[in-house]
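Chemist: Sequence first, then the predicted structure, then my questions.
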Amino acid sequence: MRLTMFALTALLGAVVTGPALPAELPAEIKQNGLRIAVVPNYPPMEFKDPATSTLTGFDVDLGEALARKLGVKAVWQETSFDQLMPGLATQRFDIILSGMTDTKSRQDSATFIDYLRSGPRFFVQASRGDEFKDAQALCGKKVGASRRTKFPEEIAAWSAKNCGSSPIQFVGTEGSADARTQLRQGRIDAAVQGNETLPYIMDQEPNAYVPVGEMIAIQYTGLATPVKAAELREALQGALEELITEGSYKALLAKWKLSGNGIEKVVINAGQ
């Protein structure tokens, strides 16, 4: 059958502008799998299922989906938070996928593929909810949050902007669980947690807490890759973009009650 000039032009255009081939993975990853560092203590991002002790959470589902897209096995490596960046630098694992906030200071050691948008939010004991109708009611009060996060800096910035001569008294904690313990014990008046985790905590401890105000800052959660791992980063970014386009990413957000935290487009090192 003879092609018309229009059909021939369209065919040639399809050949030239068709979808690009996925980025090639490093040979070692194709052979041995994608080694993913995780700290399983941050539900619903990553945690151990209480009934089975199996690793679960949004990041775990996302990591498995990314590995499938790349045609490799996800090899999860549990570690401590303070070993994440050193382990990435010494190549004990290939990436970090563990609810890590993308910040400017961390971008010297890693390049982040940002996949979630969230922010810190105040919350108090439900029994004291009437005392704190808005966030300004926390001025002059003791507010706790994990000292290992960016929350202390963000709380201080919010306090300086909104509290005047009665600033928030910040109390550093060993993590979000410690902050909630101190809150229940009355040692602090309020706590701060990422809005991506607060709904899960409130589901697990019904009628224990109430949020106060809205997010006090915007931050990005990123998948951390070695700075020089451009080949791997390009492959992972492409796989994530495919998950977003086909709707799998949206389905995972819905599964873990994170629909309000999704992104529409993958960004690199958007954290401040």
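Modeler: Received the coordinates, thanks.

Chemist: Mind splitting the protein into its structural domains?
Modeler: Annotated domains of the chain cover 27-118+219-268, 120-212 [automatic domain parsing].

Chemist: now those as JSON lines including mean neighbour count and mean pLDDT?
Modeler: Just so you know, the C-beta spots here come from the backbone N, C-alpha and C atoms, and that holds for glycine as well. Formatted as JSON lines, the domains of the chain follow (neighbours: other C-beta atoms under 10 Å; pLDDT from 0 to 100):
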{"stretch": "domain 27-118+219-268", "mean neighbour count": "18", "mean pLDDT": "96"}
{"stretch": "domain 120-212", "mean neighbour count": "18", "mean pLDDT": "95"}
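
Chemist: which strands and helices sit next to the helix or strand residue 234 falls within?
Modeler: Assessed by DSSP states H and E, residue 234 sits inside helix 230-246. The contact analysis (3 or more C-beta pairs under 8 Å, 6 or more residues apart in numbering; DSSP states H and E) places helix 230-246 against helix 58-70, strand 111-118, strand 219-225, helix 248-255.

Chemist: Strands of the stretch 101-250 of the chain, start to end?
Modeler: 101-102, 111-118, 120-125, 142-146, 169-173, 190-194, 209-212, 219-225 (DSSP state E, counting those that start in this stretch).

Chemist: hang on, the earlier thing: ok, which of the helices and strands packed on helix 230-246 comes nearest residue 86?
Modeler: Among the helices and strands packed on helix 230-246, strand 219-225 comes nearest to residue 86, with 12.2 Å by C-beta to C-beta.

Chemist: between the helices and strands packed on helix 230-246, which gets nearest to residue 233?
Modeler: Nearest to residue 233, of all the helices and strands packed on helix 230-246, is strand 219-225, at 4.7 Å by C-beta to C-beta.

Chemist: tell me the angle the closest one makes with strand 120-125.
Modeler: Following axes from the mean of the first three to the mean of the last three C-alpha atoms, to 10 degrees, one obtains 120 degrees for the angle between strand 219-225 and strand 120-125.

Chemist: CA atoms only for strand 219-225, dumped as CSV, please.
Modeler: The C-alpha coordinates for strand 219-225 follow below in CSV (Å, rounded to 0.1, in the frame of the first residue of the first chain):
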residue,chain,number,x,y,z
GLN,A,219,9.1,21.2,52.9
TYR,A,220,9.9,18.4,50.4
THR,A,221,10.5,14.8,51.2
GLY,A,222,13.2,13.4,48.8
LEU,A,223,14.7,10.2,47.7
ALA,A,224,18.4,10.7,48.3
THR,A,225,21.0,9.6,45.8
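
Chemist: Other residues contacting it?
Modeler: Contacts to strand 219-225, defined as C-beta atoms under 8 Å, 6 or more residues apart in numbering, come from residues 45, 84-85, 88, 94-97, 99-103, 106, 110-120, 150, 154, 194, 196, 232-233, 236, 240, 267, 269-272.

Chemist: and what of stretch 39-46?
Modeler: 38, 47-48, 55-60, 78-81, 84, 97-99, 175-177, 196-197, 200-201, 204, 221, 256-258.

Chemist: which SS class is the closest residue to residue 79 other than its chain neighbours?
Modeler: Excluding the flanking residues, the one nearest residue 79 by C-beta to C-beta, 6 or more residues apart in numbering is residue 37, at 5.4 Å. Following DSSP: H, G, I helix; E, B strand; the rest coil, residue 37 is assigned to strand.

Chemist: Run through the bridge partners of residue 37.
Modeler: In this entry, residue 37 is beta-bridged to residue 77, residue 96, by DSSP bridges.

Chemist: quick one, what contacts it?
Modeler: Per C-beta under 8 Å, 6+ apart, neighbours of residue 37: 77, 79, 84, 87, 88, 92, 93, 95, 96, 97, 98.

Chemist: Next one: the second one from residue 197, what distance?
Modeler: This points to residue 79. Distance of residue 79 to residue 197, computed by C-beta to C-beta, to the nearest Å: 20 Å.
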